[in-house]
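**Q** Have a look at this prediction, sequence included:
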Amino acid sequence: MIRILESEFITSAVNPGQYPESTCVDIAFCGKSNVGKSSMINTLLNRKTIAKISNTPGKTRLINFFKIRFLHNEQNEGFLNFVDLPGYGYAKVSKTERDSWKTMISSFLEKRFQLRGLIILVDIRHKADPKDILMLELVRRSGIPHAVVATKTDKLKKTVVNQYLQNLKNELGLVDENIYGFSSLKKSGVENVLQWIENRVL
């Protein structure tokens, strides 16, 4: 499993012309607004505020890039980018703005050639959302390797977490895709996610 050594914010972008030039591969994160995307990135990087957390859903309106230095096999260093995509589906945002986010995400998936994996976040407490199903369909068509991470497992009793994961797997129509439980509060699921990332970038 890779070990994160250092991370830094690179830039924010709206369109492909603003993406940073990089020889590193990308791992991107997407999900509905308020699903815990920024908290998850901070937890994986062992940083408190590198990805900005807001109590206002729909706050992330740009594509944010972070450069990561990591260690694998406890001796070899490597680099990759984490990419925080805008949260989608927040009802209180105008339809025009929601459409612009959809275009932003679609363009990134189509045109960012070094994208090696996408992590789709869902809230383990809720039934599968049609927006997440649409995102999965989009990613499947693109052929991008992806995994689903169900956040906020700390909100459930440990004895029911596996059943909720299985329910989501069925509702989302997951067959070959991985699904992992994750809690930023308890820092559980970190190793599974980092191992999945390692398998994509090495």
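**A** Yep, it's here. Numbering: from 1, shown residues only.
**Q** what packs against the lengthiest helix in the chain?
**A** Counting residues, the longest helix found in the chain (DSSP state H) is helix 95-111. With contacts taken as 3 or more Cβ pairs under 8 Å, 6 or more residues apart in numbering; DSSP states H and E, helix 95-111 sits against strand 115-123, helix 130-142. In this view, the C-beta of every residue, glycine as well, is placed from N, C-alpha and C.
**Q** ok and the helix or strand following the last one relative to helix 130-142, angle-wise?
**A** Right, the one you point to is helix 130-142. For helix 130-142, the succeeding helix or strand toward the C-terminus, using DSSP states H and E, is strand 146-151. Put simply, strand 146-151 runs at 160 degrees to helix 130-142, going by axes from the mean of the first three to the mean of the last three Cα atoms, to 10 degrees.
**Q** how far does strand 146-151 sit from the chain's center?
**A** Between the centre of strand 146-151 and the centre of its chain there are 8 Å (Cα atoms, centre = their mean, to the nearest Å).
**Q** Can you give the strand pairings for it, parallel or anti for each?
**A** According to DSSP bridges, strand 146-151 has the following sheet partners: strand 115-123 (parallel), strand 178-181 (parallel).
**Q** winner for burial among those?
**A** Mean neighbour count (mean count of other Cβ atoms under 10 Å) peaks for strand 115-123 among the strands paired with strand 146-151, with a mean of 22.
**Q** got the angle for it vs helix 95-111?
**A** Using the same axes, to 10 degrees: strand 115-123 against helix 95-111 is 140 degrees.
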